[in-house]
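>>> give me the fold of what follows.
(3 chains)
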Amino acid sequence: MRLHRRDYLRGAGGAALSALMAKHSNPAAAQSRANTLRHITGATISSLDPTFQGATRESLPLSVNIYDRLVSMGRRQGPHGFIFDADNLRGELAERIDRSSDGLTFTFHIREGATWHDGSPVEVQDIKWSLDRAVTARSFAKAQMAIGSQTSTDQFTVVGDRQLQIKLDRPNRLALLTLSVPFLPMFNSKLAQRHAGSDDPWAINWLKDNAAGGGAYSVESNRPGQQVVLRRNDRWKNGPDGALPFFQRIIIQTVPDVSARVSLVERGDADLTLDAAASDIPGIEQRGRARVLPITQTNAFQCVSFNVRTAPFDDVRVRKAVAAALPYDDMFTAAIFGRGQPLYGATWSEPPSPSVFQPMPNRTDLEKARELLREAGRGGGFRTTFSYPSSASATVDPMAALIKESLARLNIDVTVQKMPDAQFTTMLVERRLAMFFDFGTSWLTPSDYIASNFYSGPGRWNSSGWNNPEMPGLIEQARYETRQDAYDDTVMRMVRHIRDEVPVVLLWHPSHDAVVGRDIEGYTYWFHRGADYRDLRRA
Amino acid sequence: MSATVQHVVWTIRANPVTGVAAAGLAVLLVLAVFGPWLQPHDPLASNVSMALLPPSSQYWAGTDQLGRDIFSRLIAATRLDLAIAASAVSLSFLAGTFIGSIAGYMGGRLDRVVGSVVDVLMAFPLFVMAMALVAVLGNRVENIILATAFINLPFYIRFSRAEVNARRGLGWVEAARACGDSHLKIVLCSLVPNILPAMAIQVSLNLGWAILNAAGLSFLGLGITAPTAEWGIMVAEGARFILSGHWWLVAFPGAALMLTVLCFNLLGDGLRDILDPRMRT
Amino acid sequence: MRGIVRVSSRIAHRLLASLPALVGVLVFTFLLMRVLPGDPAVFFASSPTAGPEEIQQIRVSMGLDRSIPEQLVLYLRDVLTGNLGRSMSTGQPVATDLAQRLPASLELTLAALVLALACAIPLGVMAALRPGSAVDHGVRLLCSIGVCAPTFVCGLVLIYVFYVVLGIAPDPTGRIGAFDAPPPDITGLLLVDYALVGDFESWLSAVSQLILPAVTMALFVLAPLARMTRASMLIALGSDFIRTARSVGLPPFKVIVGYGLRNALLPIITITGVVFSTMLGANVLVEKVFAWPGVGSYALDALVSSDYAPVQGFVLLMAMIFVVVNLTIDTLYGFADPRVSLR
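Predicted coordinates for the structure are as follows:
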């Protein structure tokens, strides 16, 4: 038994030892608590490799802490906390990036002295391997790279000891930006290749459960579905000013109940939890034991979407009628407690800004709705359904009740359908829903990217199935457009189409509502909606 | 007949709890039948400006997130919850008794087949099974009833099978057979009525269980869908507000659930006292 | 010696006889999962850039591109070799996941059972001593209330009172305090493992994590246990040997516990077995409310995301436990009472 205990102490490492030997009042424990960040999440991390097909959403932000990418977005101070800044790209694993004047060639200079977690130096071949993997292996990275016009291994050439070039066919606004998302981790190729097989040349199976990175944190332990523990990589020097992150240890724990997660932070047992339930927030703010950071997710939206391919919502007048009958203000108050930024209620007839995400001229106006329905020949109303996934219950339960009530005034009889998430997604992709709740997050914020994901194509995220013949052309034109005014002009045309045809009714940008302990500083809202532990410190 | 009445009166007097439970059930039935006329407010009408008000003289049980009157919703839910429980239990009672008594009467290979099917069903984690069924069929009221009925089925089959099996060799069954009655007639007209009293106790206890089951499904998001008023989903919705101190959202529907199930269980016990005093535990 | 051989051959026979039921469970669950209206490949291809191509690739990697009979045969073959498939949501083999989570469920269920027995037996005995008295009715009412309170309401109320308001209970977030190191994996039951390595501080903290969920579950099963105790005690206390023991002037405690309860134990063991296997499958709600990393919540999450393999594995595991528990009870029964034959 003696032996067991010793093994166990050695295995768990120093931090565990101090946590174990000395709890509550002991200074050593207090020290370890101060250097440890405990993040409580509701989700499961299914894969350490963010590009793994089937990785859960929460696996992606985690990877940012473990793997460095070539480039990274910066951050700026917003009214309620830091927010990512896509206009301010910096090199992460690349020390310097040269862009040719024609915008076709990017040269990356790998950071001097950068190492992987195992101590071996980062070499340019590792970068080449990682990029090749991204465009070749069966992973989520492939489609992402295609958006940045990077589809073939021929486009990546090693041009020096520490230099690698990416060549494009034509200038693409997203070419560099796309390299900053979690799908583009840089792998320690020597380590990964040791675990690759002939049937798995890109080590997909091994990387799913093992990390081969050089990021700010390494994985100390991983119990999928329960807890992941990260330890700081003290050799890491790829941060904004080469500084090490504050926290030496990160514990990420899964707790399914959202209120319990908040409770933990309030009692000081945990330091951070994201996406608090709107219903809990007034209480948290009133008690003041934890801080709520109501950062607006300007790259995310919630909406009511229509299946524009089948009756009755194939008729734009019916869609417009519903858009004029939704009880926007009541939904905003009751469903999300006013936390967020409305994307409804605008009064413009010409879009005031070249952005796909802006308040649209949808307002509650039952008279107008009735008239539109009469015009569509549906003055007598109709029966339809409003569906949503059960994971969105907290927000949509009240919304559904309000929508049902409001549309009943137009004799539209709405049956509310809440379904298991997988069923909802399947029915959505198969276009078998009628009217439904949807949401989306756009990692990259240029309007052409948003439009290509959410307003065109056969994918899941074009939830309405909208198929405007002009949109694909406009998106392509914008993506390769180098002049800003021409770009803005194209975006304006997209916005007009969206306004005229209302494939979805945008409701609002939801609020991120990170709940942090009172002594936690530096929290940043990232486009991937997860926590980047490198930003955080304890006051 | 009067002896029966006397016995009933005597049992209730000996155990007043049964009387209370019967009265409780009567109240529930009144609420279920006359609910729409007894609700002080419209259970579905929202009024966002009156959201989350604590209990008051106007809103006896407070209001919820959308400003709906919780008291009215509780009353409106009575009918649905009782209806779900009653239909689920009658469904499994009818089907289970039918299958079970025929198997028990016929014996032989049929009995063995039914027996092993029941074994398979009993080996399932039944609540998870109900969840899966609802997920497969879609969460509409009729499917929740079906799922609840289905997971009750093995108990009824097993029970009636054993009871009938014990009686099939008795004199009066032989007599009926000698008279030339068909097997079906013997089972339905002689044997089933004979085991009914014992089944009635089972039914009463089962009703409570069915209500809990349906509420549990709603709580997990695999049951009734909002905005319908149903106790389980009211608890689930209210659970989001426990932390913020709005206790009335959970407390009242939770209490309604509990009292209803309590009524059925106590009544089941009382029924057992009346029908078969020896079985009392 | 011959006795042991006989018993073990009977056990083997019983296990063999339960095989058809297990296969039935397996096939039924498999088919049930396949008619779930959600497509797991679509669900897990929810990345912003995933299109039909990615969906198809995931489908192939999950083997969903084959016909259903083919999938069933492959699945049965895999199960025979101990491979229960891979969970999409955790990315781990289902067998690994279940092995990691079963101890959590077992520990919770056992703790709840011990707690429930510790309350139910004295209550049942007390009620049986004075049938029809106020104590009897009180016990009956208490049991009824326990069985009537929906477990999820009970759990929520306990969390609210003991964690949120009073702050006595630890946070309802699983099995070990966040800053405790997990013990080495010996049995997987934390209380046993901590005791084995002699870490009593962590042992206490694990106990404090366990109390609320265990109480919630115990309340629910109090009724059948207490009632069975009362009934079989009534029978035992009415028998001749008790009257004899009383008449020779043995102390009441010895009569009741030493003779009465001992003879009343058999039915209690049976009902305990039944209760145990139901609890293990039915604690989904408790696990959900207390974030208990057990097999129930695992199955629930898998079900919502149409993740087939974990649900199938879970159901199979539960069915196997059901068989084993029944067998154990029967065997115990056979040993305890030679009149009962083990068929």
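>>> how about residue 215, what does it touch?
Using chain A here. A:64-68, A:117, A:233, A:236, A:238 (C-beta atoms under 8 Å, 6 or more residues apart in numbering or on different chains). Yep, even glycine has a C-beta here, placed from its N, CA and C like the rest.
>>> hm, I was asking about chain C
So C:Val215 contacts C:112, C:115, C:158 (C-beta under 8 Å, 6+ apart).
>>> how far away is the residue most central in space within chain B from chain A?
Closest to where the C-alpha atoms of chain B average out (C-alpha atoms, centre = their mean) is B:Leu207, at 1.9 Å. To chain A, B:Leu207 is 26 Å away according to C-beta to the nearest C-beta, to the nearest Å.
>>> same deal with B:Ile70?
14 Å.
>>> wait, that residue touches B:Asp64, no?
Yes: using C-beta atoms under 8 Å, B:Ile70 is in contact with B:Asp64, at 5.7 Å.
>>> common neighbours of these two, please.
B:234, B:249.
>>> output the below-cut-off pLDDT ranges for the stretch 151-300 of chain C.
C:173, C:177-181, C:281 (pLDDT under 70).
>>> which positions in it make contact with chain A?
C:159, C:163-164, C:167, C:171-174, C:178-181, C:183-184, C:186, C:196-199, C:201-202, C:288-289, C:291, C:293, C:297-298 (C-beta under 8 Å from any C-beta of the partner chain).
>>> ok, now the stretch 1-150 of chain C?
So far as C-beta under 8 Å from any C-beta goes, the stretch 1-150 of chain C lies against chain A at C:36-40, C:42-55, C:57-58, C:61, C:88-92, C:97, C:100.
>>> can I get the buried part of the residues you listed as one ChimeraX selection?
Applying 16 or more other C-beta atoms under 10 Å in any protein chain shown to these, the buried members can be selected in ChimeraX as follows:
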select /C:36,37,38,39,40,42,43,44,45,46,47,48,49,50,51,54,55,57,58,61,88,89,90,91,92,97,100
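>>> chain B next: which of the residues of the stretch 1-150 of chain C next to chain A are close?
Within the residues of the stretch 1-150 of chain C next to chain A, those near chain B by C-beta under 8 Å from any C-beta are C:36-38.
>>> and the longest strand seen in chain A, what does it pack against?
Counting by DSSP state E, the longest strand found in chain A is strand A:82-91. For strand A:82-91, the packing partners by 3 or more C-beta pairs under 8 Å, 6 or more residues apart in numbering or on different chains; DSSP states H and E come out as strand A:71-77, strand A:524-525.
>>> as a markdown table, those strands with mean pLDDT and mean neighbour count would be great.
Shown next, in a markdown table, are those (pLDDT from 0 to 100; neighbours: other C-beta atoms under 10 Å in any protein chain shown):
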| stretch | mean pLDDT | mean neighbour count |
| --- | --- | --- |
| strand A:71-77 | 94 | 18 |
| strand A:524-525 | 95 | 25 |
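>>> out of these, nearest to chain C?
Chain C lies closest, by C-beta to the nearest C-beta, to one member of those: strand A:71-77, at 16.0 Å.
>>> what sits against the most centrally placed residue in chain C?
With distances taken as C-alpha atoms, centre = their mean, C:Leu280 lies nearest the centre of chain C, 1.9 Å away. By C-beta under 8 Å, 6+ apart, C:Leu280 lies in contact with B:125, C:105-106, C:109, C:318, C:321.
>>> ok, back up a step: return the subset of the contacts of A:Gly215 lying in helices.
Using DSSP state H, A:64-66 are the members of these that sit in helices.
>>> tell me the buried residues within the residues you listed.
A:64-66.
>>> and A:Val228, which of the three is it?
Here A:Val228 is recorded as strand under DSSP: H, G, I helix; E, B strand; the rest coil.
>>> neighbours of it, how many?
Per other C-beta atoms under 10 Å in any protein chain shown, the neighbour tally for A:Val228 reads 26.
>>> show me the shaky parts of chain B.
Short version for chain B, where the test is pLDDT under 70: B:1-2, B:11-12, B:14, B:276-281.
>>> residue of it closest to chain C, please.
Counting by C-beta to the nearest C-beta, chain B gets nearest chain C through B:Pro125, at 2.7 Å.
>>> measure how buried that residue is and give me the count.
28.
>>> so it versus chain A, what's the distance?
B:Pro125 is 18 Å from chain A, by C-beta to the nearest C-beta.
>>> neighbours of the residue of the stretch 301-450 of chain A found nearest chain C, how many?
The minimum distance from the stretch 301-450 of chain A to chain C, using C-beta to the nearest C-beta, falls at A:Ala422 (2.9 Å). By other C-beta under 10 Å, 27 other residues sit near A:Ala422.
>>> what strand or helix carries it?
In the assignment (DSSP states H and E), A:Ala422 maps to helix A:421-429.
>>> what segments of the stretch 1-150 of chain B are strands?
When assigned using DSSP state E, counting those that start in this stretch, the stretch 1-150 of chain B turns out to have no strands.
>>> quick check: residues of it near chain C?
Proximity of the stretch 1-150 of chain B to chain C, by C-beta under 8 Å from any C-beta, involves residues B:14-15, B:17, B:116-117, B:119-120, B:122-129, B:131-133, B:135-136, B:138.
>>> among those residues, which ones are buried?
B:15, B:17, B:117, B:119-120, B:122-129, B:131-133, B:135-136.
>>> what angle sits between the longest strand of chain A and strand A:71-77?
With axes from the mean of the first three to the mean of the last three C-alpha atoms, to 10 degrees applied, the angle from strand A:82-91 to strand A:71-77 works out at 140 degrees.
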